[in-house]
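[1] Sequence plus the predicted model coming up.
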Amino acid sequence: MSKKYKVLWLEDESEKMDAFFDLAYNEDIELHLVTSFNMLKSTILGENKFYFDAIILDALGVIDHNIDEKASLRALQESINFINQHKSQEVIPFFILSGYLGNDEYNNVREMLGSNTIYIKTKDEKKLFQDIKISIQQRFETQLKHRYSKLLEVCSDSFLGSDQFPRLFSLIMHVETQERLFNAEDMLNPMRKIIERMFSKLADIGIIPQAIINNNGSTNGASLFLSGKHNNYKHLNEIFHPMIAENVFRLVSIIQDGSHSEGSLRLRADEYLKSSQTDYSIRSSIFLLFDILSWFKNYFDNNKDFNINVSRYESLYADNDSKVITSAIEQDGDRNYHCGEIILTYKTVRENNYQIGDEIRITKIVENTNERTMHLYPKSALQTEKV
């Protein structure tokens, strides 16, 4: 994300306004075009409320771009009413641009708009952009977007995707508040979603084995893999810088533990965060995520060769082999017992009196043919022993 101002623009005849686009570009304003009131409404509701810095409204527009409709003032009125209804949440400044309201026959409309300045197309466009920048430069949210502009670049569609912007910006808002942070779960969940998207993107270029991402428990599996702790894979060359790899592993451990309220919680992170007398821990976790994401963008740019990436590691087992794997028993949300990507049958667990957390050796692995679980765990442990 650059330091441009993001402005939503309602205009049904933009094809006649190439010069307006050029002027906006020169003024560091990034226009996001919508051609009807319905599009404007769905865009504002669909995007994070802080994504856009301002809105430009055409005086004459249409309600629905999907039907043959004559442009009228109704679209302007509906847009202003809709924006004002959301003032209790966040005021997005809006500006009216018209090629018609400067004419005498629209005096009554200008009176209805009251103190809202009306900018005339061609004549007032440069002043419009200047006034937009003056207005939104004072917004705290815009200042934050510019302060964290390099970090927010990871939300481009070529990296994490624009749908991650609301989550990342909400975390920025949290750490920028001067008040103590409560409700840590409100921050841990978006952190987990961002990390999951990062892992998915890394799998797309072969940095993380796709088999890990496709399986249940992929977040834990990916962090174990990147830190060199995954029992099923061996690193042949360094994949992540060891500092980043360890930070990813530690952060995922906290996020995963703190995002769940029951089950085997080794750290009891949620309990600690709720009872802590300070918010230093959650703040440090958020800043750790920021550091990882900032590093990730440059790493992603420079490591896009899939064949090179997959050559940096190897699987420690192949189909039906008998290599020994040592791992701790886990249980997923569906009560399946597993060691990473390898499922354990209830019979195996019961007959050997295994408990969650037990270290076991898996000495023989076969294909998992159970239709209910094979898409989650492609391998099944045939022979095991307790360590």
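    Right, received. Where do you want to start?
[2] So which residues of the stretch 51-200 of the chain form helices?
    Taking DSSP state H, counting those that start in this stretch as the criterion, the stretch 51-200 of the chain contains helices spanning 74-85, 107-113, 125-136, 140-147, 149-152, 165-176, 185-204.
[3] elements contacting the third one?
    In this structure, helix 125-136 makes packing contacts with strand 5-10, helix 18-26, strand 29-34, strand 54-58, strand 94-98, strand 118-120, judged by 3 or more Cβ pairs under 8 Å, 6 or more residues apart in numbering; DSSP states H and E. Quick note: C-beta positions are derived from backbone N, CA and C, even for glycine.
[4] at 7 Å instead, please
    Counting contacts by 3 or more Cβ pairs under 7 Å, 6 or more residues apart in numbering; DSSP states H and E, helix 125-136 packs against strand 5-10, helix 18-26, strand 54-58, strand 94-98.
[5] got it, and the shortest one?
    Using 3+ Cβ pairs under 7 Å, 6+ apart as the contact criterion, the neighbours of helix 149-152 among helices and strands are helix 280-302.
[6] what's the angle from the helix it packs on to helix 165-176?
    Relative orientation of helix 280-302 versus helix 165-176 (axes from the mean of the first three to the mean of the last three Cα atoms, to 10 degrees): 140 degrees.
[7] thinking in terms of the whole chain, how far from its middle is helix 280-302?
    Counting by Cα atoms, centre = their mean, to the nearest Å, helix 280-302 is centred 13 Å from the centre of its parent chain.
[8] Show me what the helix or strand immediately after it in the chain is in contact with.
    Sequence-wise, the next helix or strand downstream of helix 280-302 (DSSP states H and E) is helix 306-310. Residues outside helix 306-310 that contact it (Cβ atoms under 7 Å, 6 or more residues apart in numbering): Ile205, Gly206, Ile207, Asn303.
[9] Next up, the contacts around the spatially most central residue of the chain.
    Note on the chain: the residue nearest the mean C-alpha position is Gln164, at 2.0 Å, using Cα atoms, centre = their mean. The neighbourhood of Gln164, defined by Cβ under 7 Å, 6+ apart, consists of Cys155, Ile194, Arg197.
[10] Please report how far the last one lies from Cys155.
    Distance check for Arg197 against Cys155: by Cβ to Cβ, to the nearest Å, it reads 10 Å.
[11] Same check on the second one?
    Plainly put, Ile194 is 9 Å away from Cys155 if you go by Cβ to Cβ.
[12] Next: Leu188.
    Taken as Cβ to Cβ, the span from Leu188 to Cys155 is 19 Å.
[13] tell me the secondary structure for Tyr375?
    Residue 375: His, not Tyr. Assigned with DSSP: H, G, I helix; E, B strand; the rest coil, His375 falls in the coil class.
[14] Burial check on it, number of neighbours?
    His375 is flanked by 12 other residues according to other Cβ atoms under 10 Å.
[15] before we move on, what about the one 4 residues further on?
    Applying the criterion other Cβ under 10 Å, we find 24 residues in the vicinity of Lys379.
[16] what's near enough to touch the residue nearest to it when sequence neighbours are not counted?
    Distances taken as Cβ to Cβ, 6 or more residues apart in numbering place Ile342 nearest to Lys379, at 4.6 Å, with adjacent residues excluded. Applying Cβ under 7 Å, 6+ apart to Ile342 gives the contacts Ile362, Ile365, Tyr377, Lys379, Ser380, Ala381.
[17] Got the confidence number for Ile342?
    pLDDT, Ile342: 90.
[18] Ile207 and Ser285, how far apart?
    To Ser285, Ile207 is 23 Å away according to Cβ to Cβ.
[19] anything in contact with each of Arg197 and Cys155?
    Common contacts of Arg197 and Cys155, defined by Cβ under 7 Å, 6+ apart, comprise Gly161, Gln164.
[20] Was I right to think Phe199 contacts Ile208?
    Yes - Phe199 is in contact with Ile208 according to Cβ atoms under 7 Å; the separation is 5.9 Å.
[21] So for these two, which residue has more residues nearby?
    More crowded of Phe199 and Ile208, by other Cβ under 10 Å: Ile208, with 27 against 23.
[22] ok, now which ones touch the more buried one?
    So Ile208 contacts Phe199, Leu202, Ala222, Phe225, Leu226 (Cβ under 7 Å, 6+ apart).
[23] Kindly report the same for Gln383.
    Counting by Cβ under 7 Å, 6+ apart, Gln383 has contacts Thr363, Lys364.
[24] lowest-confidence helix or strand of the chain?
    Here the helix or strand of the chain ranked lowest by mean pLDDT, DSSP states H and E is helix 107-113, holding a mean of 68.
[25] Which one's more surrounded, Arg197 and Cys155?
    Neighbours were counted for Arg197 and for Cys155 using other Cβ under 10 Å; Cys155 has more, 23 against 18.
[26] phi, psi of Gln138?
    Main-chain dihedrals, Gln138, degrees, to the nearest 10: phi -90, psi -10.
[27] Count the neighbours of it for me.
    Neighbourhood size, Gln138 [other Cβ under 10 Å]: 9.
[28] Understood, closing this out.
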